[in-house]
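Asks: Okay, predicted coordinates and the sequence, questions at the end:
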Amino acid sequence: MIIRKVAVGNGEEAFIEDTFSEGLNILLSDDNNKGKTIIIQSMLYALGNKPIFPNSFNYKDLVYYLEFEHNGEIYVMVRSGDEYVLKYSDKIRIFEGMSELKRFWNSNIFQLPIIQFQGENRIVDMELFVQLFFVGQDGKDTSTIFNSGFYHKIDFKNMLLSYSGDFSSEITPTEIKKIKDKIKELGYESVSYALSTMMPNDNLEKLSVLVNEYNIPLKVHFSLHTPIDSERKELIPSTRVNVSDALKLLSNYKNQVMKNEKIMDNYIMFHRNNIPVEIHYTLIKGVNDGNKELKCLINLLKEYNIPIKFIKFNETNTLKKSDNEEIWIKSLKEELPNLNIKSYSPPGRCVGSSCGEFTKHYYHYEIETKEELEKFLKWKKEYEI
């Protein structure tokens with residue numbers, strides 16, 4: 001987003017600043033009271049900020065104009081009171097208030113930071129951004145200039161985390177309750193939950209708090225696929241966590257959740273064991289199935305004691321299923337006789353899935369009826385990898 005022009009005025013007078021250039025811009029004057037602060041405050045106000053003008057400045061009688069560029073598109077924003085007009089391409093949009101503008105901006109211009117606020121996901125207000133970065137020359141504390149007490153320090157931190165992509169999809173406690181109530185409305189009283197992730201992060205600690213608070217039998221599946229960091233970065237380029245740190249996070253989640261007896265009872269109801277975490281590993285011939293990977297994996301499992309499941313690979317033209325699965329499982333069981341080690345052939349072939357999905361039968365095969373088993377076997381023949 002590049003600011004091109006800022007203007008403020010009415011039918012009688014106006015001030016226009018259109019000398020901005022790409023890069024860093026500095027507004028200078030030999031004397032104070034020349035309007036430097038006013039022009040910056042006008043720019044922020046045009047974008048939806050609360051008014052922070054000097055008491056002597058009659059801002060309500062003026063119109064605020066901002067021209068900016070984003071991704072090659074020129075946008076013009078005009079604000080008068082609480083009404084906004086946005087012109088771009090050949091379109092003109094009118095917004096009655098900041099809430100409408102935020103939703104449109106987030107969906108059509110670029111994504112705005114989203115934080116958890118009072119139990120809900122909230123698109124942050126412009127004032128939170130201003131409180132974070134704008135320092136007035138009069139020495140005032142920008143956190144108390146307007147809406148004092150509305151936002152707190154944790155909101156600033158969450159906004160920065162949202163910019164990094166960590167918080168945009170986090171589920172709040174209120175949303176969890178809504179989801180659970182909706183599931184009950186559909187007639188499902190007992191429901192198990194699972195989370196599959198390639199990149200565990202510090203949010204697992206927050207998740208363990210929510211899981212314990214709401215007694216949710218949530219199982220976390222970690223898609224490992226290689227225990228060697230450099231290889232994993234090639235397999236999963238988007239990963240931002242090393243293997244040891246990821247397994248520490250999983251181990252901490254396991255320890256916290258296993259203290260909750262009610263959740264443990266629910267795990268037994270829905271799963272084959274009551275361990276709330278599990279490693280998934282898909283063996284691919286010549287990619288992640290060598291002795292080096294096996295030895296490294298054995299050492300990690302000895303340290304963290306997390307069950308592992310080998311998921312059958314859906315072959316492609318260039319990548320083939322490993323021939324070493326039986327050797328790996330035998331070696332692991334010899335080294336770790338008390339660890340839960342399984343192999344699974346999931347469905348997913350029909351949609352080109354690389355490692356498939358889990359089915360109700362996988363968890364409930366001991367209690368299903370003969371008719372249900374026959375129906376599953378027929379379905380499995382067509383879809384299993």
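Replies: Ah, there it is. Residues are numbered from 1 along each chain as shown.
Asks: which stretches of the protein form strands?
Replies: 2-9, 14-17, 63-70, 73-80, 83-88, 91-96, 114-117, 120-123, 193-197, 218-223, 277-281, 308-311, 341-344 (DSSP state E).
Asks: what's the burial count for the nearest residue to Leu128 once chain neighbours are set aside?
Replies: Among residues not flanking Leu128 along the chain, Tyr151 sits closest, at 5.2 Å (Cβ to Cβ, 6 or more residues apart in numbering). C-beta: built from backbone N, CA, C; applies to glycine. Other residues within reach of Tyr151, judged by other Cβ atoms under 10 Å, total 20.
Asks: Check the one 5 residues further on too.
Replies: Other residues within reach of Phe156, judged by other Cβ under 10 Å, total 17.
Asks: Distance check, it against Tyr65.
Replies: 29 Å (Cβ to Cβ, to the nearest Å).
Asks: now Ile216
Replies: 50 Å.
Asks: How about Gly81?
Replies: For Gly81, the distance to Tyr65 - Cβ to Cβ - is 14 Å.
Asks: ok, now Lys177?
Replies: On the measure of Cβ to Cβ, Lys177 and Tyr65 end up 44 Å apart.
Asks: Looking only at neighbour counts, state which of these two leads.
Replies: Taking Lys177 and Tyr65 together and counting by other Cβ under 10 Å, Tyr65 has the greater number of neighbours (20 against 12).
Asks: beta partners of the more buried one?
Replies: Ala7, Val78 (DSSP bridges).
Asks: List the buried residues of stretch 86-95.
Replies: Leu86, Phe95 (16 or more other Cβ atoms under 10 Å).
Asks: what's the answer for stretch 219-233, then?
Replies: Going by 16+ other Cβ under 10 Å, stretch 219-233 has these buried residues: Lys219, Val220, His221, Phe222, Ser223, Leu224, His225, Thr226, Pro227, Ile228, Glu231, Arg232.
Asks: can you give me the helices in the chain?
Replies: 36-46, 98-108, 126-133, 153-163, 173-185, 203-214, 229-235, 243-257, 261-270, 291-304, 325-335, 360-364, 370-383 (DSSP state H).
Asks: averaging pLDDT over each of these, which comes out lowest?
Replies: Ranked by mean pLDDT, the helices of the chain end with helix 360-364 at the bottom, a mean of 50.
Asks: give me the number of residues near Thr282?
Replies: Neighbour tally, Thr282, other Cβ under 10 Å: 24.
Asks: I figured it was touching Ile308, is that so?
Replies: No: the criterion here is Cβ atoms under 8 Å, and Thr282 misses it with Ile308 at 11.5 Å.
Asks: residues making contact with stretch 100-116?
Replies: Applying Cβ atoms under 8 Å, 6 or more residues apart in numbering, the contact partners of stretch 100-116 are 1, 48, 70, 75, 84, 86, 93, 95, 121-125, 129, 155, 158-159, 162-163, 167-168, 170, 172.
Asks: and that stretch, how far apart are its ends?
Replies: Using Cα to Cα, to the nearest Å, one end of stretch 100-116 lies 19 Å from the other.
Asks: what do you get for stretch 313-332?
Replies: End-to-end span of stretch 313-332 (Cα to Cα): 19 Å.
Asks: ok, now stretch 190-207?
Replies: 20 Å.
Asks: for stretch 117-131, same thing?
Replies: By Cα to Cα, one end of stretch 117-131 lies 17 Å from the other end.
Asks: tell me how far that stretch is from the chain's mean position?
Replies: 16 Å (Cα atoms, centre = their mean, to the nearest Å).
Asks: now stretch 200-211
Replies: The answer for stretch 200-211 is 13 Å, by Cα atoms, centre = their mean.
Asks: which parts of that stretch are buried?
Replies: Pro200, Leu204, Leu207, Ser208, Val211.
Asks: Help me confirm that the fourth one comes into contact with Asn260.
Replies: No: under the criterion of Cβ under 8 Å, Ser208 makes no contact with Asn260, lying 9.4 Å away.
Asks: From the chain's centroid, how far away is stretch 47-61?
Replies: That offset, for stretch 47-61, works out to 35 Å (Cα atoms, centre = their mean).
Asks: Need the residues that contact it.
Replies: By Cβ under 8 Å, 6+ apart, the list of residues contacting stretch 47-61 from outside reads 10, 38, 41, 44-45, 66, 77, 79, 81, 84, 98, 101-102, 125-127, 130, 136, 145-147.
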